[in-house]
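S.K.: A predicted structure for the sequence below; I have some questions about it.
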Amino acid sequence: MSAAADRLNLTSGHLNAGRKRSSSSVSLKAIEKPFKVTVIGSGNWGTTIAKVVAENCKGYPEVFAPLVQMWVFEEDINGEKLTEIINTRHQNVKYLPGITLPDNLVANPDLIDSVKDVDIIVFNIPHQFLPRICSQLKGHVNPHVRAISCLKGFEVGAKGVQLLSSYITEELGIQCGALSGANIATEVAQEHWSETTVAYHIPKDFRGEGKDVDHKVLKALFHRPYFHVSVIEDVAGISICGALKNVVALGCGFVEGLGWGNNASAAIQRVGLGEIIRFGQMFFPESREETYYQESAGVADLITTCAGGRNVKVARLMATSGKDAWECEKELLNGQSAQGLITCKEVHEWLETCGSVEDFPLFEAVYQIVYNNYPMKNLPDMIEELDLHED
Ligand SMILES: NC(=O)c1ccc[n+]([C@@H]2O[C@H](COP(=O)([O-])OP(=O)(O)OC[C@H]3O[C@@H](n4cnc5c(N)ncnc54)[C@H](O)[C@@H]3O)[C@@H](O)[C@H]2O)c1
Ligand SMILES: O=P(O)(O)OC[C@H](O)CO
């Protein structure tokens, strides 16, 4: 085993075969040409994951090209360009203040230039911007490029409800997996220990170990001493959890803001977990039920998001202030996005299309509260009235 593999502890013993994780031991010394990596997105999570990736690319030059580009949606910050601030002071002062970024992470405002000759793209933007980003990238990305989506949400359109990784694959013709877990960005950026799940299917045109991206390469790219990665195959399972826990977190924020306490929040999470699993079973039958319970992307992410994520904070403020969702998001998040606000609408539209609204009373209640001003205090009845578990 190479020194790099040894340092990464990428042996089969380290991986839990019972959870269908990747288990082969591959010498990373065998990498034919180091993989060049770009991160698209520079928000709270975008910048955090770019930091993680840049640390590993610098640490394993036999596997990755050390220089990592991060595409930045350019902004003016008190007369200075955000990209210039990042490249000179090595800090994203707007979206991840107080965190020093590695000097091999280079901010680039030119989207097309940022993916030139790249081997791996990590997508990490609020999901409402994905269609425009993909349409700009079309024709500029080689089909052999591999991608990981760190986005949490769905694309709902003419093709029905789609995973964002599938949307990227369809739009750009590249294989795309996902990364999702119990990962509040600032905690990861501060290097407090957490876990995450990466899911990736090896594509039919896989070029072979050492030449192409596989589970080992992805583990090397994302695993840090403070950020423990498990690599599995269930892209649908981890993506469904990641998208829908944000809707559940809004429900938790409502009951907390009303002053109802921990029992009410736990009740919302219980109902929410059931609806997440039901959604997976109905619309993505390829997703595996154990992912919801065993992976960081499952119930662990539900718990952390409902405790300390942005969605719960926005919903709490809605309840305590009486302001609408968009005002609360603006007031609290300084340009960041509470993705559950968009996801609950997408889910509602999809469920209406297929006549399944009544199967998901919590998702529907959250949508009605956010978009149609339904009283939050009626949430228990809204869930109860539609509860399918009643005899
Ligand atoms: N922040 C977290 O704790 C966290 C953790 C895990 C996953 N996620 C997920 O990661 C994804 C990205 O979240 P984030 O926290 O990096 O973003 P964010 O919520 O911090 O959003 C801000 C980003 O949006 C960009 N932006 C604004 N307008 C834009 C436009 N018109 N086009 C393109 N980009 C624009 C900004 O430049 C900035 O980079 C989301 O799907 C989120 O759910 C977030
Ligand atoms: O801050 P939120 O609500 O977007 O959630 C953050 C992460 O998704 C937690 O894993």
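M.R.: Yep, it's here. Ligands and ions are numbered 1, 2, ... in the order given.
S.K.: contacts, neighbours, all on C-alpha from now
M.R.: OK.
S.K.: Residue numbers of the protein in contact with ligand 1?
M.R.: 41-46, 73, 95, 124-127, 129, 150-152, 183-185, 335-337, 339 (C-alpha under 6 Å from any ligand atom).
S.K.: average pLDDT for stretch 164-183?
M.R.: For stretch 164-183, mean pLDDT is 98.
S.K.: Quick check: end-to-end length of it?
M.R.: 19 Å (C-alpha to C-alpha, to the nearest Å).
S.K.: could you list every residue that touches the closest residue to Leu332 other than its chain neighbours?
M.R.: Closest residue to Leu332 in three dimensions, ignoring its sequence neighbours and counting by C-alpha to C-alpha, 6 or more residues apart in numbering: Val314, at 7.1 Å. Each residue near Val314 by C-alpha atoms under 8 Å, 6 or more residues apart in numbering is listed here: 250, 253, 325, 328-329, 332, 338.
S.K.: part of a strand, is Phe206?
M.R.: No. Counting by DSSP: H, G, I helix; E, B strand; the rest coil, Phe206 falls outside a strand, being coil.
S.K.: How about it: what's its closest non-neighbour residue?
M.R.: Asp212 (6.4 Å).
S.K.: If the one you found is in a bridge, with which residues?
M.R.: Here Asp212 shows beta-bridge partners Glu209, assigned using DSSP bridges.
S.K.: if I look at it, how far off is Glu233?
M.R.: 17 Å.
S.K.: One more: Val118?
M.R.: Counting by C-alpha to C-alpha, the gap from Val118 to Glu233 is 24 Å.
S.K.: do the same with Cys241
M.R.: In terms of C-alpha to C-alpha, Cys241 sits 15 Å off from Glu233.
S.K.: neighbour-wise, which of those two wins?
M.R.: Cys241 (28 against 22; other C-alpha atoms under 10 Å).
S.K.: how about the host helix or strand of Leu341: buried residues?
M.R.: Element membership for Leu341, per DSSP states H and E: helix 340-353. Residues of helix 340-353 classed as buried by neighbour count (16 or more other C-alpha atoms under 10 Å): 340-351.
S.K.: Output the contacting helices and strands for the helix or strand just after that helix.
M.R.: Beyond helix 340-353 in the direction of the C-terminus, DSSP H and E gives the next helix or strand as helix 361-372. Other helices and strands packing on helix 361-372, by 3 or more C-alpha pairs under 8 Å, 6 or more residues apart in numbering; DSSP states H and E, are helix 235-257, helix 261-283, helix 340-353, helix 379-385.
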